[in-house]
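Enquirer: Build the 3D model from these lines:
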Amino acid sequence: MPEGTDVLDALPSAVAFVDDDALVYVNAAFEQITGWTAGELLGRPLEAALRRRDGTPLPCELTRSERADGSEAIVLTDRRRASGEREMIETVLRVERDRAQSYVDVAAALLVILYADGTISLLNRHGRDVLDDPRGELIGANWIDTVIPADDRPEARQALERLVSGGEEAVERYESQVVTRRGRRRNVAWQATALADAKGRTVVVLSGQDITEHVRAEQELRRLAFFDALTGLPNRSQFESRVRAAVTRARRRQRAVALLLVDLDNFKLVNDSLGHGAGDRLLRRVAGRLRGTEGDRGMLARHGGDEFVLLLADLPRDSAEQAAREAGDQLVQRLSKPFTVAGAEFHVEASIGISIYPEDADSAETLLQHADVAMYQSKGRGRAAATVYAGVTHDPLERLSLSRRLRRAIARDELALHFQPIVWTASGRLHSMEALLRWEDPDRGLVHPDQFIPAAEEMGLLDPIGAWVIGALAAQIGTWRDQGLEPKVSFNVSPRELLRPDFAVDLGERLRSAGVDPAMLTMELTESATLREPERIGPLLRDLRALGLQLAIDDFGAGWSSLSRLRLLPVHMLKIDRSFLRAIPEDPEAGAIVRAVIALSDALGMTTVAEGVEQPVQQHFLAAQGCPLSQGRLFGDALTPAAMTERLLHERG
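Expert: The predicted structure is shown next:
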């Protein structure tokens, strides 16, 4: 029985419902007025009920009204009845329509009814909420032109035409985006059904579920699975899959693949001194600089830590190496401009290893291994450069045994100190010396620290190596003292050693026990290590100075340059980074920088040392600028203890 008929049965007017021209309901008054029973009328055409059972006509007005379900309500009203009765009937029918609408409104789905031309006939409450249309202003608008994104409209029109031409029971299921009245995009999963209304017109009923959050969750899961959360670049998993696909495709098409492994030099200094937050900011900025070098068919990814990888796919075999070298030069160039982090400016350099398929490797895995080997070859050649893999000069598995061999080197006294002269610039006579660490590897010969210190840092071996350096230096100074020689010596400490809270106390005890006068020693610290975290580094430097040590900032100008912090530090000496000397006298900008550092050092009451002097013209330039001290190959390479002893004795004369 239709909803609301209990009220209709109480009315004195005859009311009937008609669907497809057949009676589906009559109230009690209808039976009484016509003389027909409900059982005799239901299912028969309306015309059969417009005369009484005895065949006489009904003296009534007939009023038609469309119901919410598409059927019609027929009211037979006696002409002699008051108009108020008709109003009562219309009120009841309106209540019925409102009740039906309420069922639509509480539905959890978006419900939309469209005419064949796409005009919106009905939009339920949930649909209005999703589309930001609380007042139902979309009713009467064209669904496709108003709600569907512009790029999707041609396909949406075709789908509507298919549904309308398919007639009743035509159904389509699909997902699409809709644009709300506020311009937001939502994802909806639809079921579209074609139906005929009470007048025989084809309408389309859309029933949809808002899946926007579900789509976002899927996208986030995909991002976490295949992209680096910090930089937004593809991660190692996605990259290695892409490399395998590129090698497979290159093998089939007789093409080449190049892989560039980029390792940021000394990046650990940022984390150790400024904290991981600053390190993360730097990595994001580096990623931003490197984007765009991959081209249309390549990929740039973060390989982990401070390593990035660049894939160049589908290269011609005869020009693959040239393309890879050009890409490596571009990477170096993009990193050449300084970065600013935590209010300070510094330079980032990178060691880049290049490996090419099929010249250097026959699989994706070997390609990655050989790029790693080439990257370490770059580190051994001075960094800030790209090196193409040059054959198996070092077994890729060698790094796995490096920790064991370094520990053996410490235990077997394979480490050694050599001493590079520091001279008076004008005369070239010896002023002091810098102690430099070497590894006398029985298998590989003399190994410079650039080739093993980065690995030692990763393996946690810097502390025992630093302790060995202090012990060996104290012993050598004792030997010279016994020979009547008292040279001034500089030595280096790593930023990681400065993190130890007992560093100054431990160093003081070692020097006292060895009988070494701290005033004869100068401790060299990197610019980045001294100018970061002034709250912690400042007190440490004052403690070191209180021991009697001289303090020097090494490689000044290549990293941080916060002058406001520099003037507050208890530092005696600035050592100009060798990169500036390398460009003198050809580069006037480099000359201007050197002059500025010398003037700054003088203004702060510090002594200046120029590193990397290799040509007489550089010595003459420094002397003219008033730089008191210099060191470099022009004045002699690092000497063994025995050779340095001979020079000391010779100069003492």
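
Enquirer: Every contact and neighbour count from this point should use C-alpha atoms.
Expert: Fine.

Enquirer: Pull the number of nearby residues for R181.
Expert: R181 has 16 neighbouring residues, counting by other C-alpha atoms under 10 Å.

Enquirer: now swap in D372 and tell me
Expert: 23.

Enquirer: Over to it: give its phi and psi.
Expert: With angles defined as degrees, to the nearest 10, D372 sits at phi -70, psi -40.

Enquirer: From L507, how far out is it?
Expert: Shown here: D372 relative to L507, a distance of 37 Å by C-alpha to C-alpha, to the nearest Å.

Enquirer: How about E359?
Expert: Distance, E359 to L507, using C-alpha to C-alpha: 52 Å.

Enquirer: T640 too?
Expert: 24 Å.

Enquirer: Could you do H572 as well?
Expert: Using C-alpha to C-alpha, we find H572 at a distance of 19 Å from L507.

Enquirer: So which of the two has more stuff around it?
Expert: For the pair H572 and L507, the greater number of neighbours falls to H572 (18 against 15), based on other C-alpha under 10 Å.

Enquirer: Can you give me the pLDDT of the nearest residue to that one once chain neighbours are set aside?
Expert: Nearest-residue entry for H572: M606, 4.9 Å, with adjacent residues in sequence omitted and distances by C-alpha to C-alpha, 6 or more residues apart in numbering. pLDDT for M606: 91.

Enquirer: so what's M606 up against?
Expert: With contact set as C-alpha atoms under 8 Å, 6 or more residues apart in numbering, M606 has these partners: 571-574.

Enquirer: looking at this structure, which helix or strand does the model trust least?
Expert: None of the helices or strands of the chain scores lower by mean pLDDT, DSSP states H and E than helix 83-105, at a mean of 49.

Enquirer: C-terminal to that one, what's the next element?
Expert: strand 110-115 (DSSP states H and E).

Enquirer: Does that next one pack against any helices or strands, and if so which?
Expert: When contacts are defined as 3 or more C-alpha pairs under 8 Å, 6 or more residues apart in numbering; DSSP states H and E, strand 110-115 sits against strand 120-123, helix 125-130, strand 202-210.

Enquirer: Which of the contacts of M606 has the largest number of neighbours?
Expert: L574 (25 neighbours).

Enquirer: my read: R325 touches A386, true?
Expert: Yes. Contact criterion C-alpha atoms under 8 Å: R325 and A386 qualify, at 7.1 Å.

Enquirer: Between these two, tell me which one has more neighbours.
Expert: Legend: neighbour count by other C-alpha under 10 Å for R325 and A386, higher for A386 (28 against 18).

Enquirer: How about the contacts made by the closest residue to the more buried one other than its chain neighbours?
Expert: In space, and not counting its chain neighbours, A386 is closest to I352: 4.4 Å by C-alpha to C-alpha, 6+ apart. Neighbour list for I352: 260-263, 328, 374-375, 378, 384-387 [criterion: C-alpha under 8 Å, 6+ apart].

Enquirer: what about I352, which helix or strand?
Expert: Here I352 is assigned to strand 350-357, by DSSP H and E.

Enquirer: Likewise for V613?
Expert: V613 belongs to no helix or strand when elements are defined using DSSP H and E.
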